[in-house]
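Chemist: kindly return the folded structure for what I paste below:
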Amino acid sequence: MLNIEGEMLMKKSIIALAVAGALTAPMVAQADAVLSGAVAVDYINKELANNDKGFFQIDDAIIDLSASSEAEGLTSGAQIQYEVGSGATSLTYANAYLSGDFGTAIAGKIANPINDVTGDSLGTSDSEEAGAGSGADLVSDEIIAAAYMTPDMGGFSAYAGVIANADGAADENTADAWLAGVKFAMAGVKAHLGYANEKGTGGDDDSTVIGLKLGYAIDALSLTGVYTKYEDDGDKFDTTLGLAAGYDLGATDLYAFHVQDDFEGAEKAKTTGVKASYALATGASAYAEWSKTTNRNGVDGDDGKTITLGYKVSF
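Modeler: Numbers count the residues shown, from 1 in each chain. This is a model prediction of the structure:
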């Protein structure tokens, strides 16, 4: 009887292991998917030179689906993100990547790393147009490209990427643009040097963007500076200088920035802003921002002040 019970227990154990293996085996092959997103609603009041205008705006309405899986020391993944606007839905990101000890290779619609070394990276809310400069295609928020990023090497990392047929260039066998950069992050110090070059079409000269961003954080205080030079048509160039400071008070964050564009000739544009945000709950925050924009010597755009009140929930 003891032997029979032992055999029965052994058979039950084998069956249990087999069932567990059958249930878990597909999980290894399948990627873990994560659904996330955010919704932000702003009330914006613009005190322009000619008139005042107040309106509500959906600042963010984002749905993001990402998935990844690991096997033999490699991680493969993909991301799809949509942003819903007023009557329009746009594809923000759609990419696939493979990462490991060698670094990360990614292709598709990705976040543009060059945008991080421009004045846009310092602006917030309605002020994000500050520091646009020229070379807008090269510093746009997203690009369709293939890129490679090295692993962290003692605080240093680097990246390189190519954009093919970005502007419908006649020669489809060559890249329309390429970009490269070096980053450093250690002990509260951050640095990012980025460079991008775009081929001219229709007889136009090439366009280039080179930018340097420096940051330092100590305790609750963070400081950031950025300098960007845009060049096109061979000898015409614009520059952007931006400074920002942030202070973390726990549930409350304070932020201030100043971005100035110096265009070819005497044209200038600058935006100064301050922002305060308060975390109401996990993923929820309320914020208020004030900014002032000044354009000089023929720069397109309205002078004036902007007040933004907003509420954002991320999930």
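
Chemist: what's the local residue count around Lys183?
Modeler: 20 (other CB atoms under 10 Å). All C-beta spots, glycine's among them, are computed from the backbone N, C-alpha and C.

Chemist: right, and it touches Asp152 too?
Modeler: No - using CB atoms under 8 Å, Lys183 and Asp152 do not qualify as a contacting pair, with a distance of 9.1 Å.

Chemist: which element, helix or strand, includes the nearest residue to Leu179 once chain neighbours are set aside?
Modeler: Spatial nearest neighbour of Leu179, chain neighbours left out: Ala196 (4.0 Å); criterion: CB to CB, 6 or more residues apart in numbering. Element membership for Ala196 (DSSP states H and E) is strand 189-198.

Chemist: how about that strand: buried residues?
Modeler: Buried residues in strand 189-198, counted by 16 or more other CB atoms under 10 Å: Lys190, Ala191, His192, Leu193, Gly194, Tyr195, Ala196, Asn197, Glu198.

Chemist: nearest to Ile143 among the residues you listed?
Modeler: Of all the buried residues of strand 189-198, Ile143 sits closest to Ala196, with 9.3 Å by CB to CB.

Chemist: next one, pLDDT for that closest one please.
Modeler: Looking at Ala196, its pLDDT is 94.

Chemist: cool, and Asp32?
Modeler: pLDDT, Asp32: 82.

Chemist: so what's it bridging to?
Modeler: For Asp32, the residues forming beta bridges with it (DSSP bridges) are Ser68.

Chemist: wait, Ser68 touches Ala96, no?
Modeler: No - Ser68 lies out of contact with Ala96 (CB under 8 Å); the separation is 10.4 Å.

Chemist: OK, contacts around the spatially most central residue of the chain?
Modeler: The centroid of the chain falls nearest to Ala111 when counting by CA atoms, centre = their mean (5.1 Å). Ala111 makes contact with Tyr93, Asp141, Glu142 under the criterion CB atoms under 8 Å, 6 or more residues apart in numbering.
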